[in-house]
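> How does the following fold in three dimensions:
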Amino acid sequence: MSLPLATTYAPMEATVARDLPSGSGWQYEPKWDGFRCLAFRDRKRCELQSKSGKPLTRYFPELVAAFLALAPQRFVLDGEIVISLGDSLSFDHLLMRIHPAASRILKLSQSTPSTFMVFDLLVDDRGKSLTALSLAERRQRLEEFARRYLKANRLMRLSPATTDISEARKWFHMGAWFDGVMAKRSDLPYQSGQRTGMKKVKKQRTADCVVGGFRYLEKKPVVGSLLLGLYDKEGKLDHVGFTSSFRADQRPALTRKIKKLVKPPGFTGKAPGGPSRWSTRSGDWEPLAPKLVVEVQFDHLSGGRFRHGTKLLRWRPDKAPRQCTFDQLRQDSEKPEAALVRPKRR
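As a prediction, the model looks like this:
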């Protein structure tokens, strides 16, 4: 049996929840602040795939070497790549790995090695697909895999899991290590690319948005604000708000970067409006090709728009623009108990 190609699986995704769902049938896991990654091993070949399906292999040579050193010749793991510095994780050091120079990547891999936190097993050590099994069964197989092969490996760790919601709530408050908690239905199979059966509760409300355009700073030839977009159900990019929370000394370099991407139409759905009686800023804006993704923090969503300006948290080169949809902002409207009546698969 040949190992499934990297394009076979799209990682499971999650909907945003305000609170952790309670009751039986839920497995809770820490939400790591890193790059989601699928790791594929096929004999002498190892590939790392990002959440968007892009290759991460060349950026983490230390992980590739670690996977190739494992005894089993064929497997597929789902996990998160993180870099720890002292008593916290550093997303900035992950971003530094996305570099064109192999020499630079190699140097960083030695000075700040990454760790693969594994939380699911999709193909076992015999090359058998486990995606049709329930999460509870896959977790049992994963723990056995970790006992046999990962116990002494410093670059790979089994991510903790619990069915105890009180333990999960403790994780939520564990400072710089976790940025939230994941809740997964333990009775469901692996659902590639779907948002059913998995919820995430983050410490802050955030969204991954496409940069669909920008406005210049008033009376200056530098960027003043980035215009944010999300894809609707029809695949059109709607303008949802803006962010301008970057330092003055960052504006020249940012302007040079985004001016290379100027290309109409920018937004294919709802476009930015002009000035109003409440706002005196210019209605002129420059459209951009939908290439850049940023994660922003927001306080409220109303009428498909962020009510206020957002805070720019970080750039997301690991995220595909097409993954930036309104679905990620959908809040739970049902009581947690409602999910517990779903019939089990036989």
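> Do I have it right that Met117 meets Gly34?
Yes: judged on Cβ atoms under 8 Å, Met117 makes contact with Gly34 at a distance of 7.3 Å. In this view, the C-beta of every residue, glycine as well, is placed from N, C-alpha and C.
> contacting residues for the residue nearest in space to the middle of the chain?
Nearest to the centroid of the C-alpha atoms of the chain, with distances taken as Cα atoms, centre = their mean, sits Arg36, at 5.6 Å. By Cβ atoms under 8 Å, 6 or more residues apart in numbering, the contact list for Arg36 reads Pro11, Ser50, Lys51, Gly79, Glu80, Asp318.
> intersection of neighbour lists for Met117 and Gly34?
Going by Cβ under 8 Å, 6+ apart, residues that sit against Met117 and also against Gly34 are Glu80, Ile81, Val82.
> in the protein, which helix has the most residues?
helix 135-149 (DSSP state H).
> Quick check: longest strand in the protein by residues?
Longest strand of the chain, by residue count under DSSP state E: strand 206-216.
> domains for the protein, by residue range?
Per automatic domain parsing, the structural domains of the chain span 6-202, 206-329.
> sorry, back to before: avg pLDDT for the longest strand of the chain?
Averaging pLDDT along strand 206-216 gives 95.
> The following helix or strand past it versus strand 206-216: what angle between them?
Using DSSP states H and E, the helix or strand that follows strand 206-216 towards the C-terminus is strand 223-231. Relative orientation of strand 223-231 versus strand 206-216 (axes from the mean of the first three to the mean of the last three Cα atoms, to 10 degrees): 130 degrees.
> got the angle for the next helix or strand after strand 223-231 vs strand 206-216?
Remark: after strand 223-231, the chain's next helix or strand is strand 237-243, criterion DSSP H and E. Orientation check (the same axes, to 10 degrees): strand 237-243 against strand 206-216 gives 80 degrees.
> distance between strand 237-243 and the chain's centre?
19 Å (Cα atoms, centre = their mean, to the nearest Å).
> cool, and stretch 164-179?
Put simply, stretch 164-179 sits 19 Å off its chain's centre (Cα atoms, centre = their mean).
> what does stretch 152-169 give?
On Cα atoms, centre = their mean, the centre of stretch 152-169 falls 19 Å from the chain's centre.
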